[in-house]
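A.B. asks: Please find the sequence and the predicted model below.
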Amino acid sequence: MTRLLTLLFLILCCGACNKTEAPKQTIPNIIIINVDDMGWKDVGFMGSAYYETPNIDYLAGLGMVFTNGYASASNCAPSRACLMTGQWTPRHGVYTVSPSTRGKSETRKLIPTKNTHTLAPKHKILPKVLQEHGYRTCHAGKWHLSDDPLTYGFDVNIGGGHNGLPKSYYPPYKNVTIEGGSDKYLTDAIMEKAIQFVDTVQKPFYLNYSPYAVHVPIMAVDSIVPKYEKKAPWKGQGNVKYASMVDNLDRNIGLLTKKLKEKGLFDNTLIVFTSDNGGLYGITKQKPLRAGKGSYYEGGVRVPFFFMYANKIGANTKNDIPISNLDIFPTLLDYAGIEASTLGLDGHSLKAVLEAEKEHIERALYWHFPIYLEAYNVNDNENRDSLFRTRPGSVVRKGDWKLHYYYEDNAIELYNLAEDIEERHNLAATHPEKAEALLKLLKQWCETTNAPIPNTVNPDYIKAI
């Protein structure tokens, strides 16, 4: 009897060994945290000694931080269009927040390129691709590219429309609609709904968390202000109202992290954190970077940037290769196992870099801004001139070298960022061969992308101004 029972036990064990377990989800959930107007050093993990962001820092510490991470444009709408399409600005034509004629006409030498206000539906953007491959998609917060993100591949929309900012962070928000209404600070209300989405979703999901914060209007979270009133300013960071908005945003990201862990989703969620452009100069500064939002100096386009995916991306890792938010689209598709070769994406998958299989990506990064964007403070700025944050121009970075080219006067600025991250020493005259090589590269890129070049003189232009 004992032998018979033993034999029966072994047969049952072998049968159990041969059984196939229920398949587990192998593709990651995806969250993009795309903060509005958060500067390169507006977070603790990038070195701020003023703003406190422990929850964001925690996520950054679990992944790879890119110290040379860039937005593909220096203001909201074009950067978001680039992220969603995975393409350079000339491909979609969104160059600014309409119109392109910002600033006094008599100070604009050229007629700027007409701006595209609404992203054309012909573009197959990230949420649509993920939706077609089984993802449940949710947009939460600022959209800015059309009236309704639901027509662009999102299953759920929380507060997104064509508006680029809320009229108020306190209810009534006026131009932001939250289903069911809300009596909360806007950042809190949007996260509450986003967490409800995560709590109830039954399939792989993509959450495009894009808070209106920390964009203007600068409206304090009153309960947090006293903390920052006690702190000394640090390197141009000292606005207590803005600091309270950063702090509150961080608190909300902590709530999202907590929910992911409660649901057992955290380890299988790929999180990307970035900002749509540099910090708003005058409200916050990013020393040693020059200028801020709207400028194509480093302060306008370099942003905080990290990828986190437990057990896939090494924790506490840093990388100094230049990357762009154009790289997000192909990287996410790579992790999701979705073929990207037919989509015409201009970025590169970073998967091999993130998993330490590759150290470098040999390519140049480009920016094209054929329009004008006026300065908002002529007495305190670090722009090329005090009237405009930028004038029509294009920029290329390759390796440590960065070249600015301006269409009004064919002026060139050349900087070695490894030695001059502040962009104070124009080396165009002393390194003419480098300047010529980069300018040739830039012009070839403009031709390849059919980038519009403004060349018609504005009849209202008054040279003496």
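C.D. replies: It's in.
A.B. asks: only C-alpha atoms for contact and neighbour calcs from this point on.
C.D. replies: Fine.
A.B. asks: Sort out which residues of stretch 29-44 are buried, please.
C.D. replies: 29-44 (16 or more other Cα atoms under 10 Å).
A.B. asks: do the same with stretch 192-206
C.D. replies: Buried residues in stretch 192-206 (16+ other Cα under 10 Å): Glu192, Lys193, Ala194, Ile195, Phe197, Val198, Pro204, Phe205, Tyr206.
A.B. asks: do stretch 436-447 as well
C.D. replies: Of all the residues in stretch 436-447, those buried under the rule 16+ other Cα under 10 Å are Leu438, Leu439, Leu441, Leu442, Cys446.
A.B. asks: quick one: which of the buried residues of stretch 29-44 is nearest Ile421?
C.D. replies: Checking the buried residues of stretch 29-44 against Ile421 by Cα to Cα gives Trp40 as the nearest, at 12.9 Å.
A.B. asks: where are the low-confidence patches of this structure?
C.D. replies: 1-25, 464-465 (pLDDT under 70).
A.B. asks: got the CA coordinates for the longest helix seen in it in CSV?
C.D. replies: Looking across the chain with DSSP state H, the single longest helix is helix 240-262. Provided in CSV are the C-alpha atoms of helix 240-262 (Å, rounded to 0.1, in the frame of the first residue of the first chain):
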residue,chain,number,x,y,z
VAL,A,240,7.2,80.1,-2.5
LYS,A,241,3.9,79.9,-4.5
TYR,A,242,5.6,78.0,-7.3
ALA,A,243,7.4,75.8,-4.8
SER,A,244,4.1,74.8,-3.2
MET,A,245,2.8,73.7,-6.7
VAL,A,246,5.9,71.6,-7.3
ASP,A,247,5.6,70.1,-3.8
ASN,A,248,1.9,69.3,-4.3
LEU,A,249,2.6,67.7,-7.7
ASP,A,250,5.2,65.5,-6.1
ARG,A,251,2.6,64.5,-3.4
ASN,A,252,0.2,63.4,-6.1
ILE,A,253,2.8,61.4,-7.9
GLY,A,254,3.4,59.6,-4.5
LEU,A,255,-0.3,58.7,-4.4
LEU,A,256,-0.1,57.2,-7.9
THR,A,257,3.0,55.2,-6.9
LYS,A,258,1.1,54.0,-3.8
LYS,A,259,-1.9,52.8,-5.9
LEU,A,260,0.4,51.0,-8.3
LYS,A,261,1.9,49.1,-5.4
GLU,A,262,-1.4,48.3,-3.8
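A.B. asks: Nearest residue to Arg80 in space, please, no chain neighbours.
C.D. replies: Spatial nearest neighbour of Arg80, excluding adjacent residues (Cα to Cα, 6 or more residues apart in numbering): Asp276 at 6.5 Å.
A.B. asks: before we move on, what about Ile361?
C.D. replies: Sequence neighbours aside, Ile321 is the residue nearest to Ile361 in space, at 7.5 Å (criterion: Cα to Cα, 6+ apart).
A.B. asks: before we move on, what about Val457?
C.D. replies: Leu110 (4.5 Å).
A.B. asks: And for Thr284?
C.D. replies: Nearest non-adjacent residue to Thr284, counting by Cα to Cα, 6+ apart: Gln237, 5.2 Å away.
A.B. asks: Three-state assignment for Ile338, please.
C.D. replies: Secondary structure state of Ile338, per DSSP: H, G, I helix; E, B strand; the rest coil, is coil.
A.B. asks: Ignore what I typed, I meant Lys318.
C.D. replies: Of the three states, Lys318 takes strand according to three-state DSSP.
A.B. asks: hang on, isn't it packed against Gly69?
C.D. replies: No - Lys318 is not in contact with Gly69 according to Cα atoms under 8 Å; the separation is 11.1 Å.
A.B. asks: Settle it for me: which of those two has more neighbours?
C.D. replies: Ranked by neighbour count (other Cα atoms under 10 Å), Lys318 and Gly69 place Gly69 first, with 23 against 16.
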